[in-house]
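> How does the following fold in three dimensions:
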Amino acid sequence: MAGLKALVTLAFATTIGLTFLFLACALPQYNNWWPFFVVVFYVLAPIPSIIARRVSDDTGSSNPCKELAYFMTAVIVVSAFGLPIVLARSPWSAPVISWGACGLVLAGNVVTFLTIWGFFMIADSDDVEYSMW
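Got it, this is the predicted structure:
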């Protein structure tokens, strides 16, 4: 039952993160969908960790496959935070998105990536049926 509560909490947190993202796209100043490209990073972020869990074995303390997966995940997460900042700064005279939209996307990134991290923490525990991931 505790696993079900955690899963519902993660689903609610994902909804909040995507709501921030939709609000960033719907700001009345620019009303464009450029911030929505961050969803690509949300989809790509868990893939290296999922592949590393399937390929590697847990024999040693340091596993190169998992280390590479952590590095690739970090690159994807940093790129997700960098994209809205670049869109808000360039060009300076007429930015693609407003700084308010940038802030909403960054808030959505924090919530969504913490949710993805929380799912992997729950999936690693032995008492939950989701450990097949």
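
> any idea how far residue 13 is from residue 112?
Per CB to CB, to the nearest Å, residue 112 is found 8 Å from residue 13. All C-beta spots, glycine's among them, are computed from the backbone N, C-alpha and C.

> higher neighbour count, these two?
residue 112 (24 against 17; other CB atoms under 10 Å).

> List the buried residues of the helix or strand hosting the more buried one.
Assigned by DSSP states H and E, residue 112 belongs to helix 99-124. Residues 101-102, 104-109, 111-113, 115-116, 119, 122-123 are the ones in helix 99-124 that count as buried (16 or more other CB atoms under 10 Å).

> can you check stretch 87-94 too?
By 16+ other CB under 10 Å, the buried positions in stretch 87-94 come out as 87, 88.

> Quick one: distance of it to the chain centre.
A distance of 24 Å separates the centroid of the chain from that of stretch 87-94, by CA atoms, centre = their mean, to the nearest Å.

> repeat for stretch 49-58
19 Å.

> which other residues reach that stretch?
63, 65, 66, 68, 69, 70, 73, 120, 133 (CB atoms under 8 Å, 6 or more residues apart in numbering).

> Filter those residues down to the ones in helices?
65, 66, 68, 69, 70, 73, 120 (DSSP state H).

> Which of these are buried? Put it as a ChimeraX command.
Remark: buried members of these, expressed as a ChimeraX selection using 16+ other CB under 10 Å:
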select :66,69,73
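
> which of the ones in helices among the contacts of stretch 49-58 lies closest to residue 19?
residue 120 (22.4 Å; CB to CB).

> nearest spatial neighbour of the closest one, skipping sequence neighbours?
Using CB to CB, 6 or more residues apart in numbering and skipping the chain neighbours, the partner closest in space to residue 120 is residue 49 (6.4 Å).

> could you dump the helix or strand harbouring the one you found to PDB, C-alpha only?
Per DSSP H and E: residue 49 is located in helix 47-55. Extracted in PDB, the C-alpha atoms of helix 47-55 (Å, rounded to 0.1, in the frame of the first residue of the first chain):
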ATOM      1  CA  ILE A  47      16.900   6.300 -20.800                       C
ATOM      2  CA  PRO A  48      20.600   6.000 -19.900                       C
ATOM      3  CA  SER A  49      19.900   4.800 -16.400                       C
ATOM      4  CA  ILE A  50      17.400   2.200 -17.600                       C
ATOM      5  CA  ILE A  51      19.800   0.900 -20.200                       C
ATOM      6  CA  ALA A  52      22.600   0.800 -17.600                       C
ATOM      7  CA  ARG A  53      20.500  -1.100 -15.200                       C
ATOM      8  CA  ARG A  54      19.700  -3.800 -17.800                       C
ATOM      9  CA  VAL A  55      23.200  -4.100 -19.100                       C
END
